[in-house]
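Undergrad: Okay, structure incoming, though there's no sequence with it:
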């Protein structure tokens, strides 16, 4: 799926977070949206995923020759981000079962394979409210990357991960994202060094 931005801008009150973006995110490529904290990376991702509407300009979502409407977008994307919360009253098994009622599995995965990937077979029946922040982050990333989505968005993907978790993240990316569009919001090179293209949000202030 391609995402094309036409003179895109977003502001809060009278302050422009970004404006004048003309850009295309192309299928099968990986992109890093770069910028310091507070520069608008997450705001742009929220616009790209339909959580926020643009203040000016437009977006076009094109899957082959079919144009996708914003209200259909959720069928084609997945996202892991600090502002996307897990349902902590669920056990891990319950969460996986619930999530994959709405999303198809990536062809390589089912619930048991995801539990193995997470290295959390022994925590499958444990409530997520008892998980560490690092465990929760792994779950968020696995839900996004193990769904059969055309586009995967990852915002600050290694937040709360230790060194072994960071390696796990890179292995996850290698295993799951080669055949789709990947967009990462980050200001840490270790999270995006493998990306094909770098997009600096500060260019559009």
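TA: Alright, I've got the coordinates. Everything numeric here is computed off the predicted structure, so don't read it as measured data.
Undergrad: Downstream of the lowest-mean-pLDDT helix or strand in the chain, the next helix or strand is which one?
TA: The helix or strand of the chain with the lowest confidence, counting by mean pLDDT, DSSP states H and E, is strand 66-68 at a mean of 93. Beyond strand 66-68 in the direction of the C-terminus, DSSP states H and E gives the next helix or strand as strand 77-80.
Undergrad: Please name the strands paired to the least confident helix or strand of the chain in the sheet, noting orientation.
TA: According to DSSP bridges, strand 66-68 forms sheet pairs with strand 56-63 (antiparallel).
Undergrad: which residues sit against the strand it pairs with?
TA: 1-9, 19-21, 47-48, 67-70, 73, 76, 150 (Cβ atoms under 8 Å, 6 or more residues apart in numbering). For the C-beta atoms, the positions are set from N, CA and C on the backbone; glycine is no exception.
Undergrad: Got a ChimeraX select line for the buried ones in those residues?
TA: To isolate the buried members of those in ChimeraX, using 16 or more other Cβ atoms under 10 Å:
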select :1,2,3,5,8,9,19,21,47,48,68,73,76,150
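Undergrad: just checking, which of the contacts of strand 56-63 belong to helices?
TA: Those of these mapping onto helices are 47, 48, per DSSP state H.
Undergrad: so how far is the least confident helix or strand of the chain off the chain centroid?
TA: 20 Å (Cα atoms, centre = their mean, to the nearest Å).
Undergrad: contacts for that strand?
TA: Residues outside strand 66-68 that contact it (Cβ under 8 Å, 6+ apart) are 1, 60, 61, 62, 76.
Undergrad: Tell me the predicted confidence for the third one.
TA: The one in question is residue 61. Predicted confidence (pLDDT) for residue 61: 96.
Undergrad: in the sheet, who's paired with it?
TA: With DSSP bridges as the rule, residue 61 is bridged to residue 3, residue 68.
Undergrad: start the count at 41, not 1, going forward
TA: Sounds good: first residue 41 from here, last item residue 101.
Undergrad: Could you tell me how many residues sit around it?
TA: For residue 101, the tally of surrounding residues (other Cβ atoms under 10 Å) stands at 22.
Undergrad: And it, how close does it get to residue 107?
TA: Distance, residue 101 to residue 107, using Cβ to Cβ, to the nearest Å: 7 Å.
Undergrad: do the second one as well
TA: Using Cβ to Cβ, residue 100 is found at 7 Å from residue 107.
Undergrad: Pull the contacting residues for the residue nearest to residue 49 when sequence neighbours are not counted.
TA: Nearest residue to residue 49 in three dimensions, chain neighbours excluded: residue 59, at 3.4 Å (Cβ to Cβ, 6 or more residues apart in numbering). Contact analysis of residue 59 by Cβ under 8 Å, 6+ apart lists 48, 49, 50, 51, 96, 244, 245.
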